[in-house]
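Asks: Take this sequence and fold it.
(one chain, ligands or ions: 1)
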Amino acid sequence: MRYGQIRKYDVANGPGIRSTIFVTGCTHNCKNCFNKEYQDFDYGDVWTSKETKEVIDYLKLNEVNGLTVLGGEPFQNEKDLYKIIKEIQKEISKDIWIFSGYTFDQIIEDENKKKLLELCDVLVDGPFIEDLKNLKLKFRGSSNQRIIDIKKSFKENQVIELDI
Ligand code: SF4
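Replies: Residues are numbered from 1 along each chain as shown. Predicted structure coming up:
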């Protein structure tokens, strides 16, 4: 897996101060994608154990509320991300937000994607749709995208959105 950047402090991609990972590679090709260079699976550096340790160190900071994973498409890097998040969760139990161009239903159809989803707490789902763009929305670009409580959705067997 490759990544475009790691942010120690990010206040734009989830509640509070978060550390963020931007993985690279995405085939959704949304019109006016906010991170076009991150669509390339060859863009950025290869993720190694050094990066995993760096993120763990950031998450141990009191002022960091949790981790956010975005891209690119995290669910097209699902096998590597599953292992990386497992490693992180051995050390720290802060909440994890993950963004995807897939919908919740599309993710759970695929065994490996579902396994990654189950490690996380909140999913912001669906592609960015230019015609539904709304700058007033928190943590989302277009109104089709939902902020989903993953654990509750699995428990209740239906998509439960967070009231944000
Ligand atoms: S899912 Fe995200 S990274 Fe992929 S094309 Fe759409 S906006 Fe760009």
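Asks: contacts and neighbour counts: CA atoms only from here.
Replies: Fine.
Asks: helices and strands around the longest helix anywhere in the chain, which ones?
Replies: The single longest helix within the chain, with elements called by DSSP state H, is helix 78-91. Applying 3 or more CA pairs under 8 Å, 6 or more residues apart in numbering; DSSP states H and E, we find helix 78-91 packed against helix 49-59, helix 111-119.
Asks: burial of residue 24, as a residue count?
Replies: Residues contacting residue 24 under the criterion other CA atoms under 10 Å number 29.
Asks: ok, now which ones touch it?
Replies: 1-4, 38-44, 71-74 (CA atoms under 8 Å, 6 or more residues apart in numbering).
Asks: Of the residues you listed, which is the most crowded?
Replies: Busiest of those [other CA under 10 Å] is residue 72, holding 31 neighbours.
Asks: Residues touching stretch 148-164, excluding its own?
Replies: 104, 117-118, 120-125, 138, 146-147.
Asks: how about it: buried residues?
Replies: By 16 or more other CA atoms under 10 Å, the buried positions in stretch 148-164 come out as 148-152, 159-161.
Asks: Name the nearest of the residues you listed relative to residue 51.
Replies: Closest approach between those and residue 51, by CA to CA: residue 150, at 25.8 Å.
Asks: Brilliant, that's me finished.
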